[in-house]
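K.L.:
no sequence on this one, just coordinates:
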């Protein structure tokens, strides 16, 4: 895909200490919680699964949004509001992806009723030994806007703390027109004077709670805009904050495609190369690193799975979802791949996103016998089969150092993961270099 | 990707006689031309390439939009308006993808100036032996909305013919707010009373031309909405037509991702299986067909490349971009693949989209010697290498009928084409059946 640019650079890295990697650790001096209304039925998606539960790389969309909130240390609680029928499902998502700061609440029939239920949970549940506490500021966000970053959350929350209410806005993409009852153009709005109201929005808790207490049933049933309620019932004119383009709402199926591509792109921006101690392995590792670091972040590490080793630290830090394991000695290969898989599983890395392990196998086809090669191949194939169930994708690349030959084992290559193999792709691109070995 | 539904079903098939396959061949009794303003710089994409020239499966976006218009038989001319600096580029796109009804015109500095230039070309160029003629109705569309279908073009053009002006609208996705000069909320619009004005729009030629002749320089420089000009300068209140969701505008990089996924999905919805005359081949073909037709359109044909054969007709009709070639006899394989590639090239099929040829090779690994297998493998690898330059992707699947073994040759598997291999994917899924052979 050509045209990498500003737009894509804005997307937060999904891996590592994303909000702190620029050296910023923001602090707020007021307490903050968030409410995520997620009881919609996803009608516009044309799907039976509500869009907040649609899988992106097999993981429900809402889990990605929750991860975005939990990566912001100053947001203490996230109340997720779902329909009664999705209550168990939502709790299982929270369990499975270890969302430690999320609480599930059953919503109402409309968006406003659901948000109000979420707010109530923050004040009313204290008697039931709930850990929830009334925050000074509450952020309201859509479950289906997973690419929200700390920066906009911080700006909106701070503005709300100062002004009582704040919301993210974006320029209008299309001209907005008013229609007359017969379906003809009445007038068009001058685009520059209007903005699209997006999420997140934030309020001092008392402002938004009072607005909901005072608003009419008609508002609760037909309205959608919290900023409007704060203005109408509390006289608070929200501060509007220009947000980044990645606040967009997953509305149609094409938005799921786009979201999945963005995640894949983010995941394929880093790789960890693990090489053994032999001269050939390290040389190959250095060549690969030189080539790959033109397009992604690369760590080159020496094989070791002792607890303090840099290998294990790299896996534990969750900075990489792509690993390249370099092998020239087939004896230990099988065992070492099993160990690597165990390390990945132990820290639940593959619970979040698919982990890709590319085994680069350096060989001299003429010197080794076919049966040895076939044995290795069969072993890796068996491993790859087992690994798929653990969300680990093992690919094996055989490099014949006498011929320029690259073969790939790609049994059961799952459709949704192929984009993520960019790391492995580039190895193929670099294969002409290997023949110099 | 889960959640296939209404939204995706709306996307027109890119292959075959898409506008006539429902048995509808619409006729209009007035002459129609189209103007596509395409001189924007793609600022919001954050790319140096204007978005209308960004590649989707290697083909510039605007070529897909042109194809959509050229597939509608009653639209006689399409005037593409580009900036001076992209004039040559646009002409080369027209040449390369054989857009027979397109004429390129240089635009102005703003969208309105460009559209006006396009309209002028339809009346002023007659002296230069141009084939362009003033139409009764002119459709205006964005170059960056490639998924436009005949149905909405027909409805908009007919309404314009009747009322003088018409435009597609969509419900608003976000609430629209008015801001005050200090950046605070002034008021929110009631969403139900407003619509997003999208494209296509259509006008009787005289209405839109007069509007442009009479409008002010300020309008030409700052306005964007043609419907507004028709109302203000000709007193014509446009008929507004509810359009499908796939009219959306490729604005951000994520929209390119989405568009590419939609095209891939469309291309992978059909496959042509070509089997030789031997019993094993036909049996395998039938099994494959049974499995694949659960998820896509499948034609099963017998191998023949004589001119009147159904094989050649299937290729010529451009209904398939996926082919599965079944082989049990390695002698003729190489030659037949070369012939298939030539047939694909002759009708310029691979000029439009990547063509995927999966060679299914049935073998008994134990009975055949390694060297014969290795020879076949090397041959196909060489062919696959050459084919890539022709936008033909050859994959080879070796099925060992004694072991459940599937191997895939995927040398130089280009990133952008993998999704399209759904056909090939399913074969792997079906491999347990093959062992019954």
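P.N.:
Right, received. Where do you want to start? Predicted, not measured: the structure shown is a model, and the values here were computed from it.
K.L.:
tell me the strands in the stretch 51-200 of chain A, going along the chain?
P.N.:
A:55-56, A:59-60, A:75-82, A:102-106, A:137-140, A:165-171, A:175-179, A:185-188, A:194-204 (DSSP state E, counting those that start in this stretch).
K.L.:
so where's chain A uncertain?
P.N.:
A:1-24, A:42-47, A:125-130, A:328-331, A:362-374, A:398-437 (pLDDT under 70).
K.L.:
Contact partners for the residue nearest the centre of it?
P.N.:
What sits nearest the mean C-alpha location of chain A, by Cα atoms, centre = their mean, is residue A:64, with 4.5 Å. Residues in contact with residue A:64 (Cβ atoms under 8 Å, 6 or more residues apart in numbering or on different chains) are A:56, A:146, A:263. The way it works is simple: take the backbone N, C-alpha and C, and place the C-beta from them, glycine included.
K.L.:
Ok, residue A:108 next?
P.N.:
Counting by Cβ under 8 Å, 6+ apart, the residues that residue A:108 touches are A:39, A:114, A:116-117, A:220.
K.L.:
let's go with 7 Å and repeat that
P.N.:
A:114, A:117 (Cβ atoms under 7 Å, 6 or more residues apart in numbering or on different chains).
K.L.:
same question, residue A:105
P.N.:
By Cβ under 7 Å, 6+ apart, the neighbours of residue A:105 are A:79, A:81, A:117-118, A:121.
K.L.:
and the gap between it and residue A:200?
P.N.:
18 Å (Cβ to Cβ, to the nearest Å).
K.L.:
Is the residue lying closest to residue A:339 once chain neighbours are set aside part of a helix or strand, or is it coil?
P.N.:
Leaving aside its chain neighbours, residue A:339 sits nearest to residue A:305 (5.2 Å; criterion: Cβ to Cβ, 6 or more residues apart in numbering or on different chains). Counting by DSSP: H, G, I helix; E, B strand; the rest coil, the backbone at residue A:305 sits in coil.
K.L.:
Quick check, residue A:305 in contact with residue A:313.
P.N.:
No: if you go by Cβ atoms under 7 Å, residue A:305 and residue A:313 don't touch, sitting 11.0 Å apart.
K.L.:
which bits of the stretch 251-400 of chain A sit near chain B?
P.N.:
A:251-258, A:260-262, A:370 (Cβ under 7 Å from any Cβ of the partner chain).
K.L.:
May I see these arranged in JSON lines, with secondary structure as well?
P.N.:
Shown next, in JSON lines, are these (three-state DSSP):
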{"residue": "A:251", "secondary structure": "coil"}
{"residue": "A:252", "secondary structure": "coil"}
{"residue": "A:253", "secondary structure": "helix"}
{"residue": "A:254", "secondary structure": "helix"}
{"residue": "A:255", "secondary structure": "helix"}
{"residue": "A:256", "secondary structure": "helix"}
{"residue": "A:257", "secondary structure": "helix"}
{"residue": "A:258", "secondary structure": "helix"}
{"residue": "A:260", "secondary structure": "helix"}
{"residue": "A:261", "secondary structure": "helix"}
{"residue": "A:262", "secondary structure": "helix"}
{"residue": "A:370", "secondary structure": "helix"}
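K.L.:
Out of these, grab the one that's most surrounded.
P.N.:
residue A:253 (31 neighbours; other Cβ atoms under 10 Å in any protein chain shown).
K.L.:
Now do the helices in the stretch 101-250 of chain A.
P.N.:
A:111-124, A:150-163, A:205-214, A:217-222, A:226-234 (DSSP state H, counting those that start in this stretch).
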